[in-house]
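K.L.:
I'll drop the sequence and a predicted model, then ask my questions.
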Amino acid sequence: LDWWQADRYCEQHFAQLLFEPQESEQGSFSKLLQAHHIRGSVWLKERDSVLHKTKRRRGHTVPVLVFRDKTDTKYVKVLSDFPALPAVTACAHLQWDTRSQEIATIFSYAVPAFINEFQLRGFVDEEGFVRFALIVHGHHSPYLPVFRADGQWHHFCVTWQRDNGTWAMYADGKRRAAASGLCSGGPSAPQAISGQGTFIVGQDQDSLGGTFRAKESFSGNITDLHIWQKVLSPEHIERVRSCWVVEQDLVFGWSSNALEVESTVQAVATQLLCPGPVEECRVLEVGSSGFSYASCLEPLPFICHYSKDAYWQLKRAQLESSHSLARRVNTLAVRTVIPDSVFTSGVQDMNLSVALDALDVLATVLREGEVPMLEPFDLLAVLQLLKQVSDLEVQEGDELEMLEQLGQYYMEVTELILEEQNTGTWSLISQVIRGPMAVVELCDRMVSLLVPLLTTERTKITIQHGNIGLHRVTVKNMWFGYGSLQRCLSSGAVSRDTAAPAGGQKYLGTTVGTAVISATLLSQHQEISASVRYRLQHRAQVPPGLKGNFPVFSLLLLHVSPDAGGMWSTAGCSVAKSLPDSTACFCNHTTNFAILLQVYELEQRTTTEEFTLQTLTFIGCGVSLCALMVTFILFLVVGVPKSERTTVHKNLILALAAGEALLMFSELAKPSQVLCFMVTAFLHLFFMAAFSWMLVEGLLLWSKVVAVNMSEGRRMKFYYLTGWGLPVLIVGVTLATSFNKYVAANHCWLNVQSNVIWAFVGPVLLILAVNSLVLLRVVTVTVASARRRSKMLTPNSSLENQIGAQLWATAKPVLVLLPVLGLTWLCGLLVHLSIVWAYVFIVLNSLQ
C-alpha cells in the first residue's frame, strides 16, 4: 500500500506503522523481513515527526486561453487597476507549444513612462527545457531552465521585490532560480513597479497596449493567472499550485469577467487536475539495514507494530468472545460486516453505499438491545468499523442524501456504545483504546466528510442523537453530553499534574463538570487555527462519597489523543467570566473543551458560621469606627501639638474610618451594579490608603530609630505621596486595565477569580513585610535600651526582675505596634486552615 493507506490500515487494526528501529533492533528486523521473503524497501513511521495527509488530486474547472500559433494579433488584456508594486508575485498554469523554438512573451506590463516595466519571457533550449527570463524596469535577468517542454501542464510563479531587486522563479512547487540586483535607480534608491499600467497576456508591448510582433508572441495555453502585491512564501506558492487562492494582497484573480479577449483567441473551459503537495516518507532498506526516503504514494510493504499489552488484550478479547454481535450483524446484512478477527480483516474497500448499509444494520442491532452489554471484542469491532467509515473518501457523484444519512447513523452508533452499561467494557480494553475520547476523535474525522452538504442555500447542518451531535460544518461544532463521557473520563483522562492539591488542601477527586464540546474551523477543506470564546453550563455537584466537601472549579481543556486517551491541559485558555451555573472562557486555539470539577477536603461554612462572621464584622467595625471618630475629635479638641506623628495618625484614622464605614454597608449596594462598582472602587482606594498610611507609620518609626538625613518638610511631602498618591495610582491603573473584570460576582469587592485581587493583596503583602522588619528593629532597639536603663537604675536587682523587665520591654512595643502597623492582617494567611482563624482574623482587624 502507499504510506497513507499503510498508516491507516495499522490504525484501523489498533496498531501503529512500524517506527524507525533503534540500531540494536535493525539486525532482527532485517532477518524477520528476509524470512518472509520481503526485499527492497518497507514503510516506516518517523519518531517525533508528523506527516499531514496529501490532498487528493481534484478537478478544477477553469477558463483556459488558447494561443494557437504565433501571431501579432492574438492578445488578452487584464481589466484591473494596478497600484504601484514595491513587491510582486505572478503565478499561472502553462502548457508550452513544443513546436515553437523562438522567444515568447508570456505577459508584459507597460506604463506610460516605461514600456518594459515588468515582463516574463521564455524559449525552449536545445536540451528541451523551457527557460524563463524576468524583466523589471528594462533590466533583464538571465534565461534559466524552469521546466521540461513536454507538452504537459506546468505551474510557475515569479517573484520580485524592490529591496535589493531580489527575484525568484518557481516551477511545479520548487524554486528553480533566485538572485538579486534586478532594479533601477541603484541599490541606494530602488524604485517600485509603477502603477496604472496596461497588462497584456501573450504579447510584448512595443507601445502602451499595442504594437505587437509575431516572433515575440506566445504560443500555447495559459490559465489561472493570479497577481499579488507581495512576495508569496514557498508555503503559499505550494497552496496556489494546488489551486487554492491566497486572498491577502491579491491584485488580480483569474476570471473571464476581468479579461478583454481578442476575438481570435479561444477561451475554453477545461478541467485542470490540481496536484497535492509531494511528500517523501521514510523507508527501511531490507538487507542493507539503511534508511532512505520514497514518494509517499508509492505502494510498498509495511509492518504494523503492537505494544505487548495491547496485543495480548486484543487476543484475549477475541478468544473469550461469544461473537454474538458479529453473528447478528452479519446475518442481518447478509455479508461480513464484522469479521471474526480484528487482526486479519483485509483492506476493506469502503465506499459510501457499503458504509451506509453497514452502519444501518449495526445501529439497528444496538438500538433493539439484542446484545444487552457489549463484550470487549464487540466494542473493538464497532470501533474498527467506525474508523473505516471515518476514513472513506466521498467521490464526486455520490448522493448527498446518503451522506447525511450516514452522519445520522454514525452519531447513533456512537451514542449507543457510550451508554452506561458499557462503562466496564471500556476499562477492559484500556491498553488498546485508552478511553472513550477516541470516539470524539473519530467523530471529528467523520464530520469533515459532511462538508459537501453545505451550499449557498444550506449553510447549516445539524445532526443529533441523544447526548451527541454536531452543528455547522464549515465551523465544525460537536458536543458530547455530560452523561456520555463523564463516567469514563473522570478518573482516566486527568493527569496527576493537573489534579495536584492547591494551597495545602487534600485532593480527593476530579470529575467532568460539563459537556465536552469540540470546535474546528475549516477553510477550503483545510483546518485553520482560530481563537474561540464559549460558555459552558456546569453541574456544581459533589461526586458520590465526597459529600460535605467543598468543590473547586478549574477550567481545563482536553487535547484529544486516541492513543493517550486525551490529556487535560489549560494551555492557551483563560476564564473570561465565572458565574454560579456557567463559566465563559477564551482560548487562543480550537480543540475539545470541557470544565473539570476538582474536589478538595475543605469543609463548607454553614449558614450559622457565615452569619456569625458577618455579625462580628459589623459589631467590630462599628466599635472601631466610634473609637476612630473619638480619637480624631480628641486630636482636634484637646490641642495635641502638631507633629509628624499626629499628622500621620490623623490620615490613618481618616482612611481606616472611611473604609470600615463603607464595608459595614457594602451589602446594601449589591442590587445596583453601578453602585456596587463604585463601592468596590472606594473600598479598594480607602483600604489601600489605610495600608499605605500604616506603611508611613512604619517609615516614621524607622526614622526615629535609625537616623534619616531628610528635613521634616520633605519627609511629610514623601509621606503624603505614599499615603494617598500610591493608592490613587494603584486603583487608577487597575480600573484602566481590568475594568470589565474588576468586581466579584457575589460581593461588592474585588474579583478573586481574576488577577485583579492582586492589585490589593500584592501591595498589602509588601507593606506587611516592610512593617515586620520595622517592628523587629524597634523591638531590638527597645530591648537594648531597657537593658541599659535597668543596669543604670537598679544595678543590684535580681535576675528574675531583669528578665521580667526585658520581657515587658519586648511585649509592650509588640502589643502597641501590631495594630498600628497592620500586622494583625497576617492572620488572613491562616484563614483557610480553620474557621477559628477566621474568627480571630475578623476580631483583630475589625477592632484595629
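P.N.:
Okay, I see it.

K.L.:
only C-alpha atoms from now on, for both contacts and neighbour counts.
P.N.:
Will do.

K.L.:
residue 418: neighbour count?
P.N.:
Neighbouring residues of residue 418 were enumerated by other C-alpha atoms under 10 Å; the total is 22.

K.L.:
just the pLDDT at it, thanks.
P.N.:
pLDDT, residue 418: 84.

K.L.:
verify the stated contact: residue 211 with residue 205.
P.N.:
Yes. Look at residue 211 against residue 205 with C-alpha atoms under 8 Å: they come within range, at 6.0 Å.

K.L.:
looking at those two, which one has more neighbours?
P.N.:
residue 205 (25 against 12).

K.L.:
who's in contact with the more buried one?
P.N.:
108, 109, 110, 115, 116, 211, 212 (C-alpha atoms under 8 Å, 6 or more residues apart in numbering).

K.L.:
hmm, the first one is touching residue 116, no?
P.N.:
Yes. In this structure residue 108 lies within contact range of residue 116 using C-alpha under 8 Å: 7.3 Å.

K.L.:
more crowded one of the two?
P.N.:
The residue with more neighbours, out of residue 108 and residue 116, is residue 108; 24 against 21, by other C-alpha under 10 Å.

K.L.:
can you list contacts of the strand or helix carrying that one?
P.N.:
Element membership for residue 108, per DSSP states H and E: strand 104-111. The contact list for strand 104-111, computed with C-alpha under 8 Å, 6+ apart, reads 115-123, 194-205, 208-209, 215-219.

K.L.:
of those residues, keep whichever come out buried.
P.N.:
115-123, 194-195, 197-205, 208-209, 215-219 (16 or more other C-alpha atoms under 10 Å).

K.L.:
the longest helix in this structure is where?
P.N.:
helix 758-793 (DSSP state H).

K.L.:
now that helix: buried residues?
P.N.:
Buried-residue list, helix 758-793, by 16+ other C-alpha under 10 Å: 759-760, 763-765, 767-768, 771-772, 774-775, 778-779, 781-783, 786-787, 790.

K.L.:
give me phi/psi at residue 245?
P.N.:
phi -90, psi 130 (degrees, to the nearest 10).

K.L.:
need the pLDDT of it.
P.N.:
In this model, residue 245 carries a pLDDT of 78.

K.L.:
just the one 5 residues further on next, same as before
P.N.:
Per-residue confidence at residue 250 stands at 90 (pLDDT).

K.L.:
low-confidence ranges in the stretch 401-550 of the chain?
P.N.:
Within the stretch 401-550 of the chain, the stretches with pLDDT under 70 are 434, 469-474, 482-511, 522-529, 539-550.

K.L.:
would you map the strands across it?
P.N.:
Along the stretch 401-550 of the chain, the segments classed as strands by DSSP state E, counting those that start in this stretch run 462-465, 468-471, 475-480, 507-512, 516-523, 526-528, 532-537, 549-559.

K.L.:
roughly how far is the longest helix of the chain from the heart of the chain?
P.N.:
50 Å (C-alpha atoms, centre = their mean, to the nearest Å).

K.L.:
ok, stretch 101-118 next?
P.N.:
Worked out by C-alpha atoms, centre = their mean, stretch 101-118 lies 47 Å from the chain centre.

K.L.:
what of stretch 742-754?
P.N.:
27 Å.

K.L.:
end to end on it, go ahead and measure it.
P.N.:
Chord length of stretch 742-754, first to last residue, is 8 Å (C-alpha to C-alpha, to the nearest Å).

K.L.:
now that stretch: buried residues?
P.N.:
Buried, per 16+ other C-alpha under 10 Å, within stretch 742-754: 742, 743, 744, 745, 748, 749, 750, 751, 753, 754.

K.L.:
ok, now stretch 668-678?
P.N.:
669, 670, 676, 677, 678.

K.L.:
quickly find the element holding the third one.
P.N.:
According to DSSP H and E, residue 676 maps onto helix 673-705.

K.L.:
next structured bit after that helix?
P.N.:
Criterion used, DSSP H and E; the element after helix 673-705 is helix 712-720.

K.L.:
quick one: name whatever helix or strand follows that following helix.
P.N.:
helix 726-737.

K.L.:
can I get that following helix in CSV, CA atoms only?
P.N.:
Output in CSV follows, covering the C-alpha atoms of helix 726-737 (Å, rounded to 0.1, in the frame of the first residue of the first chain):
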residue,chain,number,x,y,z
LEU,A,726,0.2,55.4,45.8
PRO,A,727,-3.4,54.2,46.4
VAL,A,728,-4.8,56.5,43.7
LEU,A,729,-2.2,55.3,41.2
ILE,A,730,-2.9,51.6,42.0
VAL,A,731,-6.7,51.9,41.8
GLY,A,732,-6.4,54.0,38.6
VAL,A,733,-4.2,51.5,36.8
THR,A,734,-6.3,48.6,37.9
LEU,A,735,-9.5,50.2,36.6
ALA,A,736,-7.8,51.1,33.3
THR,A,737,-6.5,47.6,32.7
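
K.L.:
how close does residue 40 sit to residue 31?
P.N.:
In terms of C-alpha to C-alpha, residue 40 sits 13 Å off from residue 31.

K.L.:
make that residue 299, sorry
P.N.:
22 Å.

K.L.:
report pLDDT for the residue minimising distance to the centre of the chain.
P.N.:
By C-alpha atoms, centre = their mean, the mean C-alpha position of the chain lies nearest to residue 589, the distance being 2.7 Å. We have a pLDDT of 72 for residue 589.

K.L.:
what's near enough to touch the closest residue in space to it that isn't next to it in sequence?
P.N.:
Nearest non-adjacent residue to residue 589, counting by C-alpha to C-alpha, 6 or more residues apart in numbering: residue 531, 4.6 Å away. Residue 531 is in contact with 586, 587, 588, 589, 590, counting by C-alpha under 8 Å, 6+ apart.

K.L.:
can you list contacts of stretch 305-321?
P.N.:
10, 14-19, 341-342, 375-378, 429, 431-432.

K.L.:
biggest separation within the residues you listed, which pair?
P.N.:
19 and 375 (31.0 Å; C-alpha to C-alpha).

K.L.:
who has more neighbours, those two?
P.N.:
Using other C-alpha under 10 Å as the criterion, residue 19 and residue 375 rank with residue 375 on top: 24 against 15.

K.L.:
dump the residue contacts of the residue nearest to residue 722 when sequence neighbours are not counted.
P.N.:
Of all residues beyond its chain neighbours, the one nearest residue 722 is residue 692 (6.3 Å), with distances taken as C-alpha to C-alpha, 6+ apart. Contact partners of residue 692, counting by C-alpha under 8 Å, 6+ apart, are 722, 723, 724, 726, 727, 767.
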